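S.K.: Okay, predicted coordinates and the sequence, questions at the end:
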Amino acid sequence: MKLVRMTLLTAWRALRRNLTRSLLTMLGVVIGVAAVIAMVSVGQGADASVQAQIASLGTNIVMVIPGATTAGGVRSGWGGASTLTVADAKAIEKPRAACAPAGAAPARSRSGTRRQSRRSAPRWRRSPT
């Protein structure tokens, strides 16, 4: 018990002797804790906002995207393969007993390279089929 008392007394004397340093250290700790709390709050708010936007889409929207292709070791990403047709969209649109969709909207997305005055630029075009 005597050791704890001596330790606390020594710590108190050191704090009193270096008052400015002690106050600045406490201020830094308070600011650091407040910054962490603020950042966690901002992150949770952003998460709640994204969740609300996703929930607002509803549970009745389904997107069917064709798979990806790999050519020369390079993967094209989702939607790179043209495996879906307009007939597939019409088949999805047909009413069934369990799930009757309100409609289907097929779309085609293509990418390529456009050359203009010795410069090439990526070109994206999205058009309904």
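M.R.: Perfect, I can see it now. Numbers count the residues shown, from 1 in each chain.

S.K.: And for Pro106, the neighbour number?
M.R.: Neighbour count of Pro106, defined by other C-beta atoms under 10 Å: 16. For glycine as for every other residue, the C-beta is placed from the backbone atoms N, C-alpha and C.

S.K.: just checking, it touches Ala89?
M.R.: Yes. When contacts are counted by C-beta atoms under 8 Å, Pro106 is listed as touching Ala89 (4.0 Å).

S.K.: Show me the domain layout of this protein.
M.R.: 2-56, 70-128 (automatic domain parsing).

S.K.: As a check, name the ranges of all strands in this structure.
M.R.: With strands called from DSSP state E, the chain shows them at 70-71, 74-75, 107-116, 119-128.

S.K.: which residues in this structure form helices?
M.R.: Along the chain, the stretches classed as helices by DSSP state H are 2-17, 19-56, 86-93.

S.K.: what comes up buried for the first one?
M.R.: Neighbour counts using 16 or more other C-beta atoms under 10 Å place no residue of helix 2-17 among the buried ones.

S.K.: ok, back up a step: can you list the helices of the chain in JSON lines and add mean pLDDT?
M.R.: Compiled in JSON lines, the helices of the chain are given as follows (pLDDT from 0 to 100):
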{"stretch": "helix 2-17", "mean pLDDT": "92"}
{"stretch": "helix 19-56", "mean pLDDT": "93"}
{"stretch": "helix 86-93", "mean pLDDT": "78"}
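
S.K.: could you redo the ones you listed as a markdown table and give each row distance to Ile65?
M.R.: Shown next, in a markdown table, are these (distance: least, C-beta to C-beta, whole Å):
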| stretch | distance to Ile65 |
| --- | --- |
| helix 2-17 | 64 |
| helix 19-56 | 17 |
| helix 86-93 | 12 |
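
S.K.: any idea which of these is most buried?
M.R.: helix 86-93 (a mean of 13; mean count of other C-beta atoms under 10 Å).

S.K.: Quick check: the residue nearest to Thr83 when sequence neighbours are not counted vs Leu23, distance?
M.R.: Distance criterion C-beta to C-beta, 6 or more residues apart in numbering; nearest residue to Thr83, sequence neighbours excluded, is Pro66 at 4.4 Å. For Pro66, the distance to Leu23 equals 64 Å [C-beta to C-beta, to the nearest Å].

S.K.: Understood, closing this out.
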